[in-house]
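In: Here is a sequence together with a model predicted from it:
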Amino acid sequence: MEPPTNPEPEMSLNSQNHWWNRTLNLNPNLSIPTTKLSPLMNHQQMKNQRWCQNPEVVPEPELEASEPEPEVSVEPVVVNDVPEDVPSHLCPRLCHMIKWPDFVGYGFNLHAERDRTGQFIGTVDEASPAETAGLKEGDRIIEVNGSNIEQTLDHQEVIGKVKAGGNETKMLVVDRETDEYYKSRGIQVHNGLEEVRYKKSDRSEIQENKENKVPSVNSTATARLCHITKWPDFQGYGFNLHADKNKTSGQFIGKIDEGSPAQSAGLKEGDRIIEVNGKNVEVDSHQAVIGYIKAGGEETKLLVVDSAADQSFKSQGIKVSSSMSQLQHIKTEARAVLGLRSPEAQQLGDSLQVPVFHLSS
């Protein structure tokens, strides 16, 4: 007797004889009814059909059409800690100052502010290397010649760094508004930032006719040539010298004794010394200036300017000297003490015993 055989699956072909238009009898062990495929099935239905024949294959879920995602605003990109949208007027400035042969120093001073830490720019002289390099009053100093000084509290140390540059120095500075802008964003200001603006001293910015311009008739700015002569009963000339801690160069008149030859000759506290006995001493050291004064013996001539006159002459680009027309000559008054008289009295025929005194320190 022959073993039973499984009957062949019935197959019906349509008029177009399409291979998939047929009836399939699935495995009898599966409790899935016979499914008839149609040529009108779409892609998704065909995949579902295959899943029915092979339950291990999971059909892909249909994707529902979704609305486009709303645009998201992006904050400015920060590269090297520098925001791309820095306002043009809020940029650090690198001021490259170069001294001029006929101008004393750079033309600025330093000062400290009560409500802010750090070192700041004080007065900036008009028509000075500092002004033409873009330095402004109130600027906070970040770097001096590439060295950060923000944590430096010693005033003299900062001045020393400026002087160490010789005839030129570079200062990275920020004004108050720029300072607050960078601090609020936690950005460290340094000379490597792309937005740092560089400016170098340029004398061409000053009008040419100011180079040797004489002050107008209405100008009250005058230099004083103080001819100081010692008195027999007075020790020295009655003044001392000092270097202004807020200035980067120059020698200044300090305290003046009451009723002294210096006071009689018109010397004033705070005067800046231009010449000693005809020699320009604007860039000379403290000890050198004292030596020039002592070399005069019993008398000395000091060409000086007060701060107002100094500022006026600098703003006009005028070189102060003992040969200029705007000069006031003042001489120590003669007086007699204990029978001893001054050289002026001797010229009138009086006897004189010449005293010898030294410059008070």
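Out: Here it is on my side, so go on. Residues are numbered from 1 along each chain as shown.
In: What are the buried residues along stretch 186-196?
Out: 187, 189, 193, 196 (16 or more other CB atoms under 10 Å). In short, each C-beta sits where N, CA and C put it, glycine included.
In: Same question for stretch 298-314.
Out: By 16+ other CB under 10 Å, the buried positions in stretch 298-314 come out as 298-306, 309-314.
In: What's the end-to-end length of that stretch?
Out: One end of stretch 298-314 sits 33 Å from the other (CA to CA, to the nearest Å).
In: dump the residue contacts of residue 140.
Out: By CB atoms under 8 Å, 6 or more residues apart in numbering, the contact list for residue 140 reads 116, 118-120, 173-176, 179.
In: Let me know the pLDDT of it.
Out: Listed pLDDT for residue 140 reads 94.
In: Dihedrals phi and psi, it?
Out: phi -90, psi 130 (degrees, to the nearest 10).
In: Stretch 312-327: which residues count as buried?
Out: 312-320, 322, 324, 326.
In: what mean pLDDT does that stretch have?
Out: The average pLDDT for stretch 312-327 rounds to 84.
In: cool, stretch 101-121 as well?
Out: 84.
In: for stretch 251-264, same thing?
Out: 93.
In: Can you show me the helices along the chain?
Out: For the chain, applying DSSP state H gives helices covering 43-53, 129-132, 155-163, 176-184, 261-264, 286-294, 307-315, 343-347.
In: Any chance of those helices in CSV with distance to residue 112 as columns?
Out: Output for the helices of the chain, formatted as CSV (distance: least, CB to CB, whole Å):
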stretch, distance to residue 112
helix 43-53, 79
helix 129-132, 18
helix 155-163, 7
helix 176-184, 15
helix 261-264, 31
helix 286-294, 23
helix 307-315, 19
helix 343-347, 47
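In: which one of the buried residues of stretch 186-196 sits closest to residue 204?
Out: residue 196 (23.0 Å; CB to CB).
In: mind checking pLDDT for residue 200?
Out: Per the predicted model, pLDDT is 94 at residue 200.
In: Please list all residues in contact with it.
Out: Residue 200 neighbours (CB under 8 Å, 6+ apart): 96, 98, 133.
In: Mind doing that once more with 6 Å?
Out: By CB atoms under 6 Å, 6 or more residues apart in numbering, residue 200 lies in contact with residue 96.
In: Equivalent analysis for residue 229, please.
Out: Taking CB under 6 Å, 6+ apart, one finds 299, 332 in contact with residue 229.
In: please redo it, this time with the cut-off set to 10 Å
Out: 237, 261, 264-265, 296, 298-301, 331-334, 342-344 (CB atoms under 10 Å, 6 or more residues apart in numbering).
In: what's the domain layout of the protein?
Out: 89-206, 223-347 (automatic domain parsing).
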